[in-house]
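Visitor: Sequence first, predicted coordinates after that:
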There are 2 protein chains.
Amino acid sequence: MMQTEFQPAILDRMFHALADSTRRDLVDRLSAGPTSVKELAAPFAMALPSVMKHLAVLESGGLVQSDKTGRVRTYRMTPDALTMIERWVAVRKAAWNRRFDQLESFLAEEAHEGEQA
Amino acid sequence: MMQTEFQPAILDRMFHALADSTRRDLVDRLSAGPTSVKELAAPFAMALPSVMKHLAVLESGGLVQSDKTGRVRTYRMTPDALTMIERWVAVRKAAWNRRFDQLESFLAEEAHEGEQA
DNA sequence: CTTTTATTTTACGATTTCGGAAAATGCAAG
DNA sequence: CTTGCATTTTCCGAAATCGTAAAATAAAAG
């Protein structure tokens, strides 16, 4: 039980977090090292509170983390956050290739039967 | 110019397509081979038109393709669709590791200066 | 203690998403 | 040519997104 639609929320939020170029840009920025909210917001045309919302989305997707010291909050990448997506993709590509292998052996068998007929 | 926010629409739609467990389930189903709309919809609790919308989202994200023969439309995976995401992730993980290497050599240099001081 | 500065909260629209019901198309059979 | 089946279209409503402005906090500095 609970295989689907229980933990999926995590992958949902993770993929959703990456489905926006502003947020992907933030990830790029953070891949270079921890950064404060103000610094993160500076390059963007949008208002700072808007950037904060994007950061919140990234954080709820587990892609980034943050901590506050004094009045400045610093964001950083979550170490192996992207590994979960990497694996999800790998499993599907494997399934795809498996299907290809099956097709291959099926055709091989067809050819074999053709010889005998 | 146009580095960001031009082609991004593709990644936006691709990630967005995967940010839903129903759609990820559809991808799993299609990874096993081409399937008609009716067959794809059967396992789900939701109405068929709703599943069709999900398929449309997957298709607009380039993850699946379809063609119609007679009155039945068959969906199939787009061959290397997931490769784009795989690469996006790989680049970010590489950036992350690069940062780590830099930190490493920085600390090494610090230690070296410490010896001379 | 008053003034910055950095972040956060609140309240709002415009738009998109997600799911559904019901009617409409279009091809296939009988 | 009437019926049945697969898909598609249209219209709806609830909820979530995305971005904004303006006010509220809260720590730092003068």
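Guide: Nice, thanks for sending it over. In this text the structure is predicted, and so the values were computed from the model without any measurement. Numbering: from 1, shown residues only, chains lettered A, B, ... in the order given.
Visitor: any idea what sits nearest residue A:32, other than its immediate chain neighbours?
Guide: The shortest distance from residue A:32 to any residue other than its chain neighbours is 6.1 Å, reached at residue B:99 (C-beta to C-beta, 6 or more residues apart in numbering or on different chains). For every residue, glycine as well, the C-beta is placed using N, CA and C.
Visitor: what's near enough to touch residue A:18?
Guide: Going by C-beta atoms under 8 Å, 6 or more residues apart in numbering or on different chains, residue A:18 touches A:24, A:27, A:61, A:63, A:85, B:11, B:15.
Visitor: re the thing from before, and the residue nearest to residue A:32, that's in a helix?
Guide: Yes: if the criterion is DSSP: H, G, I helix; E, B strand; the rest coil, then residue B:99 is within a helix.
Visitor: re earlier: can you flag which of the contacts of residue A:18 belong to helices?
Guide: Among the contacts of residue A:18, the members falling in helices (DSSP state H) are A:24, A:27, A:85, B:11, B:15.
Visitor: Export those residues to a markdown table and append columns for distance to DNA strand D.
Guide: Output for the ones in helices among the contacts of residue A:18, formatted as a markdown table (distance: C-beta to the nearest atom of the strand, whole Å):
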| residue | distance to DNA strand D |
| --- | --- |
| A:24 | 11 |
| A:27 | 14 |
| A:85 | 17 |
| B:11 | 13 |
| B:15 | 10 |
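Visitor: now that we have the residues you listed, which one has the most neighbours?
Guide: residue B:15 (23 neighbours; other C-beta atoms under 10 Å in any protein chain shown).
Visitor: from the ones in helices among the contacts of residue A:18, which single one is nearest residue B:32?
Guide: residue A:85 (21.2 Å; C-beta to C-beta).
Visitor: tell me the contacts of the nearest residue to residue A:41 once chain neighbours are set aside?
Guide: Nearest non-adjacent residue to residue A:41, counting by C-beta to C-beta, 6+ apart: residue A:51, 4.0 Å away. Counting by C-beta under 8 Å, 6+ apart, residue A:51 touches A:22, A:26, A:37, A:40, A:41, A:44.
Visitor: Please, where are all the strands along chain A?
Guide: Listed in chain order, the strands of chain A (DSSP state E) span A:35-36, A:64-69, A:72-77.
Visitor: close to chain B, is the shortest one?
Guide: No: residues of strand A:35-36 are not located near chain B by C-beta under 8 Å from any C-beta of the partner chain, the shortest gap being 11.9 Å.
Visitor: Ok, the second one next?
Guide: No: no part of strand A:64-69 sits close enough to chain B to count as contact by C-beta under 8 Å from any C-beta; the gap is at least 11.9 Å.
Visitor: who does that strand pair up with?
Guide: Sheet pairing here is set by DSSP bridges, and for strand A:64-69 it gives strand A:72-77 (antiparallel).
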